[in-house]
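Undergrad: Build me a model:
(2 chains)
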Amino acid sequence: MKKVMMGNHALSYGAMLARAQVVSAYPITPQTQVVELLSEMCADGTLEAQFIKVESEHSAMASCIGASVAGARAFTATSSQGLALMHEMLHWAGGGRHPIVMGEVNRAMAPGWSIWTDQNDSLSQRDTGWMQFYCSSNQEVVDTVIQAFKVAETLMIPAMVILDAFALSHTYEVVDVPEQALVDKYLPPFKPAIRLNPADPRAFGGLTGSEHYMELRYKLEKDMEKAPALIEETGREYEKLFGRRLGLIDAYRCDDADFVFVTSGTAGYTARVAVDELRASGVKAGNLRIKVFRPFPYRQVREVLGRVKKAAVLDRNCSYGAGGIFYQEVKSAVYSSPGMPPIFGYIAGLGGRDIMTDSFKEIAAHAASRDRADEEIVWIGVKK
Amino acid sequence: MVEIRFHGRGGQGTVVASKILADAIAKEGKWVQAYPEFGVERRGSPVVAFIRIDDKPIYDKSRIYTPDHVVVVDPTLVEAVDVTVGLKPGGTIIINSDRQSGDFAFNGKFNVRTIDATKIAVAHRLGNMATPIVNTAIAGAVIKILGLTKPEFLAAAIREGIGIKPEDNVLAAQDAYDMA
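TA: From the prediction side, this is the model:
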């Protein structure tokens, strides 16, 4: 069934179709409608879940961890300052192997106080042991929530489903809402091997000395390394049932491209339009959209970039002192592989500044004018 | 691709009007994207909303700067803001007004059409003359003037999306469609 819905409601529908059993969340602009609709669904019985009202995001994540330990499928959503407040609990969820799925609306960090989009909030949490899926359309949001639960519960690793503030969260788009019966077929109920159960008592999150701690982290990393193949496999399975492929990357017109943009989020879709326009003017451009940031799809990125002459990474974020975060990852993906192209790094769109097809044309022109990527950080659209 | 910008005042249902239109147009099998101004809205202050329509999936996620058409939900905005900013030459401006299109200074440069949505709304008991709820009447006029979709799709979208007085809203939209 096709329905016009905002990105925030696409998150709510994803959680509903995944049959989340516990929803605990604290509202924050621009995520509020996610929680509003889920609370209505819980109240009217559309979703048979326990809705837990909390006083902060820290408690929201703590409730989800408790629910997940008890064997319930748990969902929450937040943004920016709220995500930052959760930080301690994110490590608990990741390190404790609780497969919670969280909607994360990318909003710039304060100060200056901002409600508009950029990726510094989610990327600041990249080392917490969560998977990170970046979405470019509301369709991808609803589909990815469902897939994220499947991957998360298979690996016992939590996942964030990330979307841009306003450009997706408050933008209405046509969404083909997956059929519940097919979602049930795709995503079986959550049945963890070990859970909090008074009849079979176990301890969780206890003191772990140096004789055991490192092995827990080793296992987390090894299981995270299984995620790329599992994301591709469950993405193909999703395509069989729903006709839409989900995966680690989306390579658009890259096969015969000389020059490729590397993008994420909504900018990753606007880039496609720029690619078509550049192609029409004779530039053999392509767009490599990265859909999963953790685990980073190193091999897939390398495969695409090994075929092109130049690549330009667009970052809607900045790791101060090191530049764009996707740029660093892309460079490390190709490092030590022979025949890799020069890779240029660009920062644009911080704090909700628009990223347009013209922004990509400016990037393409800049990269075309240089043989080597010797400037570390190039800022697009900044007032000087 | 058709891009439309709506000008209204916070609380008048301008964003709802763009959402209802998006719903109606999607029922025809087209692709739509509708979004409000990215920010914080206050009751009574000027607000804008946008809609993109295409026969194929819409990948452009940037904002609309050069709309094909403009819809002015609140007639007082014609003096308060420049509703023609970025409007493509020859674009249509649809204004909720009891005046004639020739009364507007920018007529000639653009194709101005007026519809007395306030009168239609009040006739159907949707608000009153001080605070009329004109969004469904406006939507009826817009789909006719711009040839966007059929009135039955708009009626279905109103019934699904408007919780208060849906049938009165359907009638208001139909009246505006007939008069536009």
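Undergrad: tell me which parts of chain B are close to chain A?
TA: B:18-19, B:22-23, B:26, B:31-36, B:38-40, B:58-63 (C-beta under 8 Å from any C-beta of the partner chain). The way it works is simple: take the backbone N, C-alpha and C, and place the C-beta from them, glycine included.
Undergrad: need the contact list for residue A:165.
TA: If you count contacts by C-beta atoms under 8 Å, 6 or more residues apart in numbering or on different chains, residue A:165 has them with A:30, A:79, A:105-107, A:115-117, A:352, B:38.
Undergrad: how about a cut-off of 6 Å?
TA: Residue A:165 makes contacts with A:30, A:105-107, A:116-117, as judged by C-beta atoms under 6 Å, 6 or more residues apart in numbering or on different chains.
Undergrad: what's the answer for residue A:150, then?
TA: A:187, A:234.
Undergrad: What of residue A:100?
TA: Counted by C-beta under 6 Å, 6+ apart, residue A:100 has contacts A:64, A:68, A:74, A:93, A:158.
Undergrad: List phi and psi for the last one.
TA: Meaning residue A:158. phi -70, psi 160 (degrees, to the nearest 10).
Undergrad: so who does it touch?
TA: A:93-94, A:99-100, A:130, A:152.
Undergrad: repeat that with 7 Å
TA: Residues near residue A:158 by C-beta atoms under 7 Å, 6 or more residues apart in numbering or on different chains: A:93-94, A:98-100, A:130, A:152.
Undergrad: so which of the residues you listed comes closest to chain B?
TA: Using C-beta to the nearest C-beta, residue A:130 is the member of those that sits closest to chain B, with 24.7 Å.
Undergrad: That closest one: neighbour count?
TA: 23 (other C-beta atoms under 10 Å in any protein chain shown).
Undergrad: any idea of the pLDDT on it?
TA: For residue A:130, the pLDDT comes out at 98.
Undergrad: swap in residue B:13?
TA: 84.
Undergrad: My guess is it contacts residue B:133. True?
TA: Yes. Look at residue B:13 against residue B:133 with C-beta atoms under 7 Å: they come within range, at 6.0 Å.
Undergrad: and the contacts of residue A:158, which of them are in helices?
TA: A:93-94, A:152 (DSSP state H).
Undergrad: would you turn those residues into JSON lines with neighbour count and pLDDT?
TA: Below are those laid out as JSON lines (neighbours: other C-beta atoms under 10 Å in any protein chain shown; pLDDT from 0 to 100):
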{"residue": "A:93", "neighbour count": "25", "pLDDT": "98"}
{"residue": "A:94", "neighbour count": "21", "pLDDT": "98"}
{"residue": "A:152", "neighbour count": "25", "pLDDT": "98"}
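Undergrad: got TSV for these, with distance to chain B too?
TA: Output for the ones in helices among the contacts of residue A:158, formatted as TSV (distance: C-beta to the nearest C-beta, whole Å):
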residue	distance to chain B
A:93	30
A:94	30
A:152	27
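Undergrad: picking up where we left off before, taking the residues of chain B next to chain A one by one, which sit in strands?
TA: B:31-36 (DSSP state E).
Undergrad: The helix or strand of chain B with the lowest mean pLDDT: what's the following helix or strand?
TA: Lowest by mean pLDDT, DSSP states H and E among the helices and strands of chain B is helix B:77-80, with a mean of 92. Per DSSP states H and E, the first helix or strand lying C-terminal to helix B:77-80 is strand B:92-96.
Undergrad: Within the sheet, what are the partner strands of that following strand, with directions?
TA: strand B:69-72 (parallel), strand B:111-115 (parallel) (DSSP bridges).
Undergrad: Output it in PDB, but only the C-alpha positions, please.
TA: Provided in PDB are the C-alpha atoms of strand B:92-96 (Å, rounded to 0.1, in the frame of the first residue of the first chain):
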ATOM      1  CA  THR B  92       1.100  31.100 -12.100                       C
ATOM      2  CA  ILE B  93       0.300  32.900  -8.800                       C
ATOM      3  CA  ILE B  94      -3.000  31.600  -7.200                       C
ATOM      4  CA  ILE B  95      -4.200  34.000  -4.500                       C
ATOM      5  CA  ASN B  96      -7.000  33.600  -2.000                       C
END
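Undergrad: for it, the distance to its chain's centre please.
TA: 8 Å (C-alpha atoms, centre = their mean, to the nearest Å).
Undergrad: swap in stretch A:158-166?
TA: The answer for stretch A:158-166 is 5 Å, by C-alpha atoms, centre = their mean.
Undergrad: What's the local residue count around the residue lying closest to residue B:39 once chain neighbours are set aside?
TA: Excluding the flanking residues, the one nearest residue B:39 by C-beta to C-beta, 6 or more residues apart in numbering or on different chains is residue A:115, at 7.4 Å. Residues near residue A:115, counting by other C-beta under 10 Å, number 20.
Undergrad: Residue B:155 now?
TA: 21.
Undergrad: From residue A:369, how far off is residue A:131?
TA: Residue A:131 sits 38 Å away from residue A:369 when distances are taken as C-beta to C-beta, to the nearest Å.
Undergrad: Which one's more surrounded, those two?
TA: residue A:131 (23 against 7).
Undergrad: List the residues that contact the spatially closest residue to that one that is not a sequence neighbour.
TA: Spatially, and ignoring its direct neighbours in sequence, residue A:131 is nearest to residue A:159 (4.1 Å; C-beta to C-beta, 6+ apart). Neighbouring residues of residue A:159 by C-beta under 7 Å, 6+ apart: A:101, A:130-131, A:133, A:148, A:151-152.
Undergrad: Which one of those residues is nearest to chain B?
TA: The closest of those to chain B turns out to be residue A:133 (C-beta to the nearest C-beta; 17.1 Å).
Undergrad: That closest one: which element?
TA: strand A:131-134.
Undergrad: Relative to residue B:67, how far out is the nearest residue to residue B:104 once chain neighbours are set aside?
TA: In space, and not counting its chain neighbours, residue B:104 is closest to residue B:112: 5.0 Å by C-beta to C-beta, 6+ apart. From residue B:112 across to residue B:67, the span is 15 Å (C-beta to C-beta).
Undergrad: how about chain B, which residue sits the furthest from its center?
TA: Largest separation from the mean C-alpha position in chain B: residue B:59, at 23.0 Å (C-alpha atoms, centre = their mean).
Undergrad: Isn't that residue up against residue A:269?
TA: Yes. Proximity of residue B:59 to residue A:269 meets the contact threshold set by C-beta under 7 Å, at 4.3 Å.
Undergrad: list residues touching both of those two?
TA: By C-beta under 7 Å, 6+ apart, no residue touches both residue B:59 and residue A:269.
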